[in-house]
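> the sequence and its predicted three-dimensional model are supplied below.
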Amino acid sequence: MSRQRYDRVTVPEAVVREIEEGRRRGLRLPDVTTLPWLDIKSVEVEAVSARWLGPGERQVLELATRNADVVALLDDAVARRHTRALGIAVVGTLAVSLKAKQGAFSTPWPRRSVASTH
C-alpha cells in the first residue's frame, strides 16, 4: 500500500494475523505493527454474512460497510466481486503498486483505505 496515496491505511486484526503467518513461513513481508501510518483495528463481523470469504476479507468488508469514505484493498476475486455488489469501492494491490510507480493517481480516491491480503 502506498503511503503517498493514502493518509491512513486500516488493517483488520485478521489480516495482520495472515501477514504474521506468512512471515513465519519465510515470506518477505513487512512487520505491519511498526508502520506509523497503518492502523490495526479489532473488528467484530456483524453486517457481512459472506461465510465463503476468509476472516480477513470479511473484516475488511465489515469495516468498509461502516465507513463510506474508504477504498477496500482486496486481491481475492470472489471478495472483490462481493465488495462491488455491495457498492463499495475496491482496488487490488497490483493496481495500487503500478499507479504508485507510474505516479498515475489522477482520479480522486478517498484518503483512507481498508486493506486485506490475498
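Structure received.
> would you list every one of the strands in the protein?
For the chain, the strands defined by DSSP state E occupy 8-12, 38-41, 71-73, 90-91, 112-115.
> the fourth one packs against which elements?
If you count contacts as 3 or more Cβ pairs under 8 Å, 6 or more residues apart in numbering; DSSP states H and E, strand 90-91 packs onto strand 71-73, helix 77-85. For glycine as for every other residue, the C-beta is placed from the backbone atoms N, C-alpha and C.
> shouldn't residue 59 be in contact with residue 13?
Yes. At 7.2 Å, residue 59 counts as touching residue 13 under the criterion of Cβ atoms under 8 Å.
> any residues in contact with both of these two?
Common contacts of residue 59 and residue 13 (Cβ atoms under 8 Å, 6 or more residues apart in numbering): residue 43.
> more neighbours: which of the two?
Remark: of residue 59 and residue 13, residue 59 carries more neighbours, 25 against 14, as counted by other Cβ atoms under 10 Å.
> quick check: mean pLDDT across stretch 26-43?
For stretch 26-43, mean pLDDT is 89.
> to clarify, my last question referred to stretch 94-111.
Averaged across stretch 94-111, the pLDDT comes to 59.
> and the gap between the residue lying farthest from the centre of the chain and residue 35?
Going by Cα atoms, centre = their mean, the residue of the chain most distant from its centre is residue 26, 21.7 Å out. Distance, residue 26 to residue 35, by Cβ to Cβ, to the nearest Å: 21 Å.
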